[in-house]
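K.L.:
Just to be clear, the model below is a prediction. Sequence and coordinates:
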Amino acid sequence: MKLLVLGGSDFVGRSAVEHALELQWDVTVLNRGTTASDPRVTQLRGDRRASGGLDSIREGNWDMVFDTWSWEPGVVAQSAAMLAGRAGSYIYVSSRSVYDEPEAGANETWPTVQGPGEDYARCKLGGEQAAAAAFGARALLVRAGLILGPYENISRLPWWLNRIGQERSLRSDQNERAGDVLAPGPADLALQYIDARDLVGWSLGAAARGLGGAYDVVSRPGHATMREVLQACVAATRSDARLRWVEPDILSAAGVQPWTELPIWIPPGADHDSLHASDVSKAFAEGLRARPIQETVADTWTWLQSVNGEASTRRDRPPVGLSADREAAILADVERAEGR
Ligand SMILES: NC(=O)c1ccc[n+]([C@@H]2O[C@H](COP(=O)([O-])OP(=O)(O)OC[C@H]3O[C@@H](n4cnc5c(N)ncnc54)[C@H](OP(=O)(O)O)[C@@H]3O)[C@@H](O)[C@H]2O)c1
């Protein structure tokens with residue numbers, strides 16, 4: 001199989017490249033060369049926003065294209081139109097953000113956002129429409145939810161791993177107190193996410209079988225809990241950290257921002273349901289599988305150590321994570337309230 005990855009040097013695109021190489025596919029990537037691509041691929045250079053940026057793919061045939069573009073839909077329209085006669089399928093990595101305030105149980109039939117705008121949801125929806133306009137039923141629209149795994153470039157799981165991993169050298173036999181880590185409750189909060197490797201494995205396989213149309217590609221709701229994620233972080237980092245569970249009302253009163261200050265975590269309620277409670281039976285019926293959280297966390301830690309704990313983060317996203325001072329202040333308040 002011949003695969004063209006538009007991007008391919010970052011998180012999801014890079015996972016697609018590695019998966020295809022494992023399958024012995026012939027892989028070409030097109031990007032600006034800001035970060036090194038896998039040396040085993042054919043590297044093409046081009047800036048998709050610049051005039052002539054696609055010159056290097058004006059010729060050539062591919063079985064499928066894998067595109068992660070998240071910004072102007074016109075960029076997807078250009079590459080899809082150019083490749084429609086020379087590529088079998090167009091996989092567009094989209095997002096469940098295209099849905100208009102989805103509720104628990106929402107699936108691919110839920111209404112999408114309406115009206116004009118240049119926000120992320122409308123850009124992703126526009127990207128889908130551009131891919132479908134050029135490739136029709138040969139466009140596979142992969143609506144991901146939260147994506148975790150090695151190479152993650154938002155620093156959600158890396159933030160937790162680094163935070164919990166910080167505590168691993170503070171051993172009690174050195175008379176030092178291993179740190180308490182603020183763990184946002186409830187501990188059994190159900191999470192729904194996808195390991196990037198499961199996302200790309202399913203997407204490439206589905207496109208190879210000729211599948212097209214929109215699919216929500218995330219684990220089943222409750223595939224892991226907040227407790228399982230953080231305990232997996234403790235295990236992977238061999239940390240001495242003690243998880244101090246703090247209930248959502250206390251975090252809310254302290255002004256803690258879910259999702260950004262405490263990544264991954266969204267307290268129970270409508271926002272949680274919209275992200276962590278979707279119906280993914282369509283993709284599971286087509287063979288989607290989700291590996292255990294322990295594997296995702298351990299492999300992400302292995303990768304994170306290989307880059308000295310410094311995952312590159314996308315500059316178009318706000319930084320994540322709670323400051324050490326705020327965490328300590330909240331935990332001190334909790335201890336005082338508990339009379340400890
Ligand atoms: N993270 C999540 O939880 C989440 C959830 C739902 C959906 N998603 C979707 O998942 C995907 C993540 O994609 P990703 O991590 O592979 O990376 P990405 O940020 O979409 O793309 C980065 C890649 O594109 C290349 N690139 C950037 N600007 C370019 C330009 N002007 N011209 C040519 N190439 C350019 C980069 O290389 P150069 O810089 O070298 O050009 C890099 O290879 C996105 O589609 C996102 O919307 C993410």
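P.N.:
Looks like it came in fine.

K.L.:
count of neighbours near the residue lying closest to Ala137 once chain neighbours are set aside?
P.N.:
In space, and not counting its chain neighbours, Ala137 is closest to Gly212: 4.2 Å by C-beta to C-beta, 6 or more residues apart in numbering. All C-beta atoms are positioned from the backbone trio N, CA, C, and that covers glycine. Neighbourhood size, Gly212 [other C-beta atoms under 10 Å]: 19.

K.L.:
which residues sit in contact with Gly212?
P.N.:
Residues in contact with Gly212 (C-beta atoms under 8 Å, 6 or more residues apart in numbering) are 89, 135-140.

K.L.:
what about 10 Å?
P.N.:
Counting by C-beta atoms under 10 Å, 6 or more residues apart in numbering, Gly212 touches 89-91, 131-132, 135-141, 206.

K.L.:
Please apply the same query to Val98.
P.N.:
110-113, 120-129, 141, 143, 214.

K.L.:
How about Leu44?
P.N.:
So Leu44 contacts 4, 6, 8, 28-31, 33, 37, 54-57, 60 (C-beta under 10 Å, 6+ apart).

K.L.:
what subset of those residues is also close to the ligand?
P.N.:
8, 31, 33 (C-beta under 6 Å from any ligand atom).

K.L.:
buried subset of the residues you listed?
P.N.:
When the ones next to the ligand among the contacts of Leu44 are checked for burial by 16 or more other C-beta atoms under 10 Å, the buried set is 8, 31.

K.L.:
Let me know the closest of the ones next to the ligand among the contacts of Leu44 to Gly74.
P.N.:
For the ones next to the ligand among the contacts of Leu44, the closest approach to Gly74 (C-beta to C-beta) belongs to Asn31, at 18.2 Å.

K.L.:
For PyMOL, what selects the buried ones among the contacts of Leu44?
P.N.:
Command for PyMOL, covering only those of the contacts of Leu44 found buried under the criterion 16+ other C-beta under 10 Å:
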select buried, resi 4+6+8+28+29+30+31+37+54+57
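
K.L.:
Redo the contacts of Leu44 as CSV? Include distance to Ala77.
P.N.:
Shown next, in CSV, are the contacts of Leu44 (distance: C-beta to C-beta, whole Å):
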residue, distance to Ala77
Leu4, 16
Leu6, 13
Gly8, 20
Thr28, 21
Val29, 20
Leu30, 16
Asn31, 19
Gly33, 24
Ser37, 24
Leu54, 12
Asp55, 17
Ser56, 18
Ile57, 15
Gly60, 19
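
K.L.:
Let's see which of the contacts of Leu44 end up in strands.
P.N.:
4, 6, 28-31 (DSSP state E).

K.L.:
This protein against the ligand: which residues are in contact?
P.N.:
7-13, 31-35, 46-49, 68, 70, 93, 95, 144, 146-147, 153-154, 314.

K.L.:
Okay, and which of the residues you listed map to strands?
P.N.:
Under the assignment DSSP E, those contribute 31, 93, 95, 144, 146-147 to strands.

K.L.:
ranking those by neighbours, who comes first?
P.N.:
Val93 (26 neighbours).

K.L.:
Go ahead and list the helix or strand containing Thr296.
P.N.:
For Thr296, the enclosing helix or strand under DSSP states H and E is helix 293-306.

K.L.:
for Arg220, same thing?
P.N.:
Using DSSP H and E, Arg220 maps to neither a helix nor a strand.

K.L.:
contacting residues for it?
P.N.:
190, 192, 278-281, 284, 288, 290.
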